[in-house]
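*Asks:* No letters, just coordinates:
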C-alpha cells in the first residue's frame, strides 16, 4: 500500500467540508511533528528542508485548487530563507507571484485574491508580492536587495518559463556586475555591523544579523553564487577558496548557529533571533552546559562567541579572496614595502610563505606596518591564513624576545589616527594578542577609543 504524500493529503482536504479548518489543522500537526524531532545535539538541516517541503506542498495544493486551468498565468516562487529551504520553526514564508503581463483579467485577479486570502486563513501569513517580469527587472536594477532576492528564488509551482526569463534578464552582464554587487554587499554589511558596534561580543547578540552571524555567511554566498553560477556540491573547495579543513569548519559552525536558532524559535514560539538574557539559561541547559550559578550560561555564551568569531574570520578571508581574484585589477603591480612584505591591491602581503616560520617576530611587524602605511587597507587573505597557521610560534620564547617586545611597544606608541586603519584587522589582532598574552589583549579595547 502506497503512503499518501502531504501534497495528496492537502488536495483531498479541499474536497471535504470546511477545508480551511482541516488544512490549517493538518499543517499545524505536520509542523509540530517536525519540531518535536529537534535535538540540540544533532544537525537541523534535514528539519529545515522538511518544513520547506511541507509548505511547498500546501502552497502547491492551494495554487492548483484556486487557479486550476489558469495556473499557467504565473509562477509561484519561494523567496529568502524559504527560497534557500532554510525554514526554521517560525521563519517567514516569503513568496513572489511572477506574472508575464501587467493587466490581468478580472477573473484572474479574483483567483489570485482568493489564493492569497486562503493562505492567511490557514495560518501561513505569507510575505507576498505580485509582480510582472518587467517590474522585477526594473526594481532589481535600482536596488541590490531586490537583486539579491532574485539570486535565490526557487520555483514552487506554476509557469517555470517566467522564472527562466527573469534569470536570463538579470545576469551580471545585464545589471549589477560582480564588482558593483560585491561593493554593494560590503556596504550593506558594514552598515549592519555598525548597528552592533562592529563586534560579535554583545551581551545579547543577534545570531542572524550580528557580526559573524548567519547573514555574514549568506553575504559571501550571494556574492560568490552570482559571479560563479556554480552547481557543484563543493564549489568553495573546487575553486580553491577553502581547504577541506576550512570547509568542514564552515559547515560545523554554520550548523551550530542553526541549532541555536532552531532552539530559540522553539523556546520563544516566535521568529526570535536575539540571545536575550531571559533565554540564555534555558538554552545553556538544552545544549548540555552544566555549572553552578551562572557558569552554564557563561560556557554556552563562550561556545557561541567562539563559533561566530571563527565564522567572522572565515568570512573576512573569503571576501578578501573574492576581491583579490575577481574585483582587483590583475595588472596592478605589487609595491615593495620591506624585505619581507609588499602591498598588493592595497593589502599588506607576505612575500614568502615561509616568512613567519623563518622570522616569528614578523607576526607583530605586519600589524605595525599596517599602522605606519596610511594607504594600506588591511592584510591580504593569504597573509591572514599564514598568520593563523603560525600562531603556535607565539610561545614563552617569543614573548620574552627583545624584538617582540620592541615591536609591541611600537604598535602601542603609534600616533593618533591609526584606529581607522586598524579596524579591518581588529579580528586578526584579537587572535594574535590573545595568543601572545592575556595582558596584551588590553590593547584591543584601547584601539577602539577615540582618544587613542
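*Replies:* Noted; the coordinates are in hand. What you see is a predicted model; the values in this text were computed from it and never measured.
*Asks:* so where do the strands sit in the protein?
*Replies:* 74-78, 94-99, 127-132, 154-158, 335-336, 341-344, 347-350, 378-379 (DSSP state E).
*Asks:* Deepest-packed of the ones you listed, please.
*Replies:* Neighbour counts (mean count of other CB atoms under 10 Å) averaged over each of these peak at strand 74-78, with a mean of 25. For glycine as for every other residue, the C-beta is placed from the backbone atoms N, C-alpha and C.
*Asks:* what number of residues lie near residue 244?
*Replies:* By other CB atoms under 10 Å, the residues close to residue 244 number 9.
*Asks:* How much space separates it from residue 256?
*Replies:* Counting by CB to CB, to the nearest Å, the gap from residue 244 to residue 256 is 19 Å.
*Asks:* show me the contacts for the residue nearest to residue 216 when sequence neighbours are not counted.
*Replies:* Leaving aside its sequence neighbours, residue 216 sits nearest to residue 315 (CB to CB, 6 or more residues apart in numbering; 4.6 Å). Residue 315 sits next to 212, 216, 217, 219, 220 when contact means CB atoms under 8 Å, 6 or more residues apart in numbering.
*Asks:* pLDDT wise, what is the second one at?
*Replies:* What that stands for is residue 216. pLDDT recorded at residue 216 is 95.
*Asks:* cool, and the first one?
*Replies:* The pLDDT attached to residue 212 in the predicted structure is 94.
*Asks:* for residue 167, same thing?
*Replies:* At residue 167, pLDDT is 95.
*Asks:* what does the one 5 residues further on give?
*Replies:* The confidence metric pLDDT takes the value 94 at residue 172.
*Asks:* So residue 169 is in contact with residue 133, correct?
*Replies:* Yes - at 7.3 Å, residue 169 and residue 133 qualify as touching, with contact defined as CB atoms under 8 Å.
*Asks:* Where do the helices of the stretch 251-400 of the chain begin and end?
*Replies:* In the stretch 251-400 of the chain, the segments counted as helices under DSSP state H, counting those that start in this stretch are 277-286, 295-322, 355-358, 362-372, 381-389, 396-400.
*Asks:* related to what we said a few turns ago, of the contacts of residue 315, buried ones?
*Replies:* Listed as buried from the contacts of residue 315 are 212, 216, 217, 219, 220; burial here means 16 or more other CB atoms under 10 Å.
*Asks:* ok, the second one touching residue 309?
*Replies:* Pointing back at residue 216 there. No - Residue 216 lies out of contact with residue 309 (CB under 8 Å); the separation is 11.3 Å.
*Asks:* re earlier: can you convert the strands of the chain into CSV and add a column each for distance to residue 405?
*Replies:* Formatted as CSV, the strands of the chain follow (distance: least, CB to CB, whole Å):
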stretch, distance to residue 405
strand 74-78, 58
strand 94-99, 56
strand 127-132, 57
strand 154-158, 57
strand 335-336, 27
strand 341-344, 21
strand 347-350, 22
strand 378-379, 22
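*Asks:* looking at it, residue 104 is touching residue 110, isn't it?
*Replies:* No - contact criterion CB under 8 Å: residue 104 and residue 110 do not qualify, at 9.2 Å.
*Asks:* burial count for the closest residue to residue 213 other than its chain neighbours?
*Replies:* Nearest-residue entry for residue 213: residue 207, 5.2 Å, with adjacent residues in sequence omitted and distances by CB to CB, 6+ apart. Residue 207: 22 surrounding residues under other CB under 10 Å.
*Asks:* Good, wrapping up.
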